[in-house]
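Q: Could you work out the structure for the sequence below:
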Amino acid sequence: MVFWEGYVSDEAMGTFAPIVVYWVYAGFYQLLPPLDKFRLHTRKEEEEKNSVPLATVVKGVLLQQLVQATVAQLLFLLTSKFDISTTPVQPAIHIQIVQIIIAMFTMDTWQYFVHRYMHQNKFLYCHVHSQHHRLVVTYAIGALYNHPLEGLLLDTFGGAISFLVSGMTARTAVVFFCFAVIKTVDDHCGLWLPGNIFHIFFQNNTAYHDIHHQLQGTKYNYSQPFFSIWDRLLGTYMPYTLVKRPEGGFEARLKKD
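A: Alright, predicted model coming up:
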């Protein structure tokens, strides 16, 4: 039994809980004090390098989430009607864990190849993916700031495919999608905070993705949001080292051979 049982359907939670989690978690980062000694870029760099205002970023994220919610509702409706997903009976916890791991690898695979192609195809990069890279210095609320087409192809379809391939129920999907959202927000937060569990357990983390957003790293570190497997296997992995800046904070620098 879960706390929403009897009040909200699993399908509704799977649709809207990730959206609520996004704004709560990203809002937490947004409301933090400047924390200059933990930033990967100075506030001056953020003002100078980013070419899109916060209001536009918020509107872009809301548009993507509207599309995601629509697709999620259709997906849950179809899987319920045609019994595409697993049995409605919630499986044992160890099976759910396996399903979540399968979904993580599936999402990573889909996002790596679509993300990489959007960089390699000049038309798609110029007219679609470059919108996300207007945030050279990333911050939490901008994690899902994408062109609507990219949001649909990369995130929405990636989530739908992960759900279908793993065979998870709508209830398990609530956990998976909320976790994926938290991880994505954290990867874009621009802070290297001590004790951050994602930095401890995932090599694909805030600094890893920060390298990708820098000019010298745009052809590397495509993997997101969980592991770095495909980067390592296909030669697009760019190692980095964290260096303390004299004025405070850190800088993720490319590691030289």
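Q: Helix, strand, or coil at residue 253?
A: The three-state label for residue 253, taken from DSSP: H, G, I helix; E, B strand; the rest coil, comes out as strand.
Q: and the one residue sitting closest to the centre of the chain, how far is that from residue 215?
A: For the chain, residue 184 is the residue whose C-alpha lies nearest the centre (CA atoms, centre = their mean; 2.6 Å). Counting by CB to CB, to the nearest Å, the gap from residue 184 to residue 215 is 22 Å. C-beta here means a position set from N, CA and C on the backbone, and glycine is covered the same way.
Q: next one: residue 116
A: According to CB to CB, residue 116 stands 17 Å off from residue 215.
Q: And residue 21, by the same measure?
A: Separation of residue 21 from residue 215 (CB to CB): 32 Å.
Q: Looking at those two, which is more packed in?
A: residue 21 (18 against 8; other CB atoms under 10 Å).
Q: Which element is encountered next along the chain beyond the strand or helix carrying residue 46?
A: Using DSSP states H and E, residue 46 sits in helix 43-49. Remark: after helix 43-49, the chain's next helix or strand is helix 54-82, criterion DSSP H and E.
Q: Going by secondary structure, the residue nearest to the centre of the chain is in what exactly?
A: Assigned by DSSP H and E, residue 184 belongs to helix 170-187.
Q: And the helices in this protein?
A: With helices called from DSSP state H, the chain shows them at 10-31, 43-49, 54-82, 93-120, 122-127, 148-150, 157-166, 170-187, 197-201, 206-213, 229-233.
Q: got these as a markdown table, with distance to residue 245 columns?
A: Supplementary listing: those in a markdown table, determined by distance: least, CB to CB, whole Å:
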| stretch | distance to residue 245 |
| --- | --- |
| helix 10-31 | 20 |
| helix 43-49 | 11 |
| helix 54-82 | 24 |
| helix 93-120 | 28 |
| helix 122-127 | 30 |
| helix 148-150 | 32 |
| helix 157-166 | 35 |
| helix 170-187 | 21 |
| helix 197-201 | 18 |
| helix 206-213 | 14 |
| helix 229-233 | 26 |
